[in-house]
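Undergrad: need a structure here:
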Amino acid sequence: MNLRNIKEILEAEVILGADFLHKNIEMACGADLMSDVLTSAKTGALLLTGLINPQVVRTAEMAELGAICFVRGKQPGQETIELAGSKNIPLLGTSLPMFESCGRLYQKGLIGCSEKLEV
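TA: Residues are numbered from 1 along each chain as shown. Have a look, this model is predicted:
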C-alpha cells in the first residue's frame, strides 16, 4: 500500500513529503512510547502516534521507518517538521484517533509490525 492510499483511508493531510506519496508501506505500528517503537517497529513501517515532538522523528530515523502519521488532530511544530524534512521522512496528520486509524488500515490489508511478511 502506498502513502497516497494511506492518506485516503485515514482522511489525512500531507504535512510534509507530498513527493513521497508513491512510497510503498508494507506494515504499520501505533505507539506513543518511543521505546516501544524502537523494540517492535520494522524497517519501512508507518508509525501512527499522538506525539509531535522532534524525538518522534529521531526515533523514526533510528528505526528506519518509512513515514509518520500524527493522530487525533495533533500538529507538529516547525522544529519537528524541519527535522523530518532533513531526514526525508514524510509526515501525515489525521483527526482520527489511533485505534480507528490502525483499524482502518488493518481492515484495508496493511499488517502490523508483529506479523510476518510472506517472502
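
Undergrad: In contact with the nearest residue to Met1 once chain neighbours are set aside, which residues are there?
TA: In space, and not counting its chain neighbours, Met1 is closest to Leu110: 5.3 Å by CB to CB, 6 or more residues apart in numbering. Where C-beta positions appear, they are placed from N, C-alpha and C, glycine not excepted. Neighbour list for Leu110: Met1, Ile6, Ile25, Glu26, Met27, Ala28, Leu46 [criterion: CB atoms under 8 Å, 6 or more residues apart in numbering].

Undergrad: Please pick the buried ones from those residues.
TA: Neighbour-count burial within those applies to Met1, Ile6, Ile25, Met27, Ala28, Leu46; the criterion is 16 or more other CB atoms under 10 Å.

Undergrad: Any stretches of this structure with poor pLDDT?
TA: 116-119 (pLDDT under 70).

Undergrad: residues of stretch 81-93 that come out buried?
TA: Applying 16+ other CB under 10 Å to stretch 81-93 flags Ile81, Leu83, Ala84, Ile89, Pro90, Leu91, Leu92, Gly93 as buried.

Undergrad: if you skip the residues just before and after it, what's nearest to the third one?
TA: Ranked by CB to CB, 6+ apart and with sequence neighbours excluded, the top spatial neighbour of Ala84 is Val57, at 4.8 Å.

Undergrad: Would you map the helices across this protein?
TA: 3-9, 34-40, 54-62, 78-86, 98-107 (DSSP state H).

Undergrad: I'd like those written out as TSV, with distance to Cys69 added.
TA: Shown next, in TSV, are these (distance: least, CB to CB, whole Å):
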stretch	distance to Cys69
helix 3-9	7
helix 34-40	13
helix 54-62	11
helix 78-86	12
helix 98-107	7
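
Undergrad: closest one to Ile68 among the ones you listed?
TA: helix 54-62 (5.5 Å; CB to CB).

Undergrad: what helices or strands is the closest one leaning on?
TA: For helix 54-62, the contact count by 3 or more CB pairs under 8 Å, 6 or more residues apart in numbering; DSSP states H and E identifies helix 34-40, strand 46-49, strand 67-70, helix 78-86 as packing neighbours.
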